[in-house]
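Q: could you work out the structure for the sequence below:
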Amino acid sequence: MSVCNVSFSAISSGQLSTYKTQGNIETKNGAYRVSFSLEKEAGLAYVFSVFKNKVSISATGQVSYNFTLRNGEVFNFSLNVLGKPIYGKVECLNLAVNLSDNFIQIDAKYLLDMGGNEVENELALKVELL
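A: Sure thing, here's the model as predicted:
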């Protein structure tokens, strides 16, 4: 496990949130596991499992969820809010993953459907290896 610099931004319902922090990164069998905490800012701790053509995102905190993004695919998932599940699905509209020796860059656009309420979201993650 190594320390890394993390830049994370998300756009949901037109609202942009941007964060910079340090995290941890592990490499195993060509995949990367990036973990970082935004508990003070957003109340969440994240784990991104990054592969060359898909990204799994897990968040824990007052709201917890886990879903996968892969171009053109729909994934069902549950969102736990204060211990109560809400079911939804996420459709990946666009996913770009750039893996290099010094950094990881992820840019994604996806449609989040929670009970028929659809919201288009975007996220960007840049991880600089130290």
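Q: what pairs with the most centrally placed residue in the chain across the strands?
A: Geometric centre of the chain, nearest residue: I57, 4.2 Å, by Cα atoms, centre = their mean. Judged by DSSP bridges, the bridge partners of I57 are F48, F67.
Q: for L125, see how far away it is.
A: Note on I57: its distance to L125, by Cβ to Cβ, to the nearest Å, is 9 Å. C-betas here are computed from N, CA, C, even on glycine.
Q: now list whatever residues contact both of those two.
A: Common contact partners of I57 and L125 (Cβ atoms under 8 Å, 6 or more residues apart in numbering): F48.
Q: heading C-terminal from the strand ranked longest in the chain, find the next helix or strand.
A: In the chain, with assignment by DSSP state E, the single longest strand is strand 84-99. Counting by DSSP states H and E, the element after strand 84-99 in chain order, helix or strand, is strand 103-114.
Q: direction included, what does that next one pair against?
A: Strand pairing for strand 103-114, using DSSP bridges, gives strand 84-99 (antiparallel), strand 117-129 (antiparallel).
Q: now the last one: average pLDDT?
A: Spelled out, that is strand 117-129. Mean pLDDT, strand 117-129: 96.
Q: strands paired with the host helix or strand of N24, and their directions?
A: Using DSSP H and E, N24 sits in strand 15-28. Note on strand 15-28: by DSSP bridges, its sheet partners are strand 2-12 (antiparallel), strand 31-38 (antiparallel).
Q: nothing else from me, thank you.
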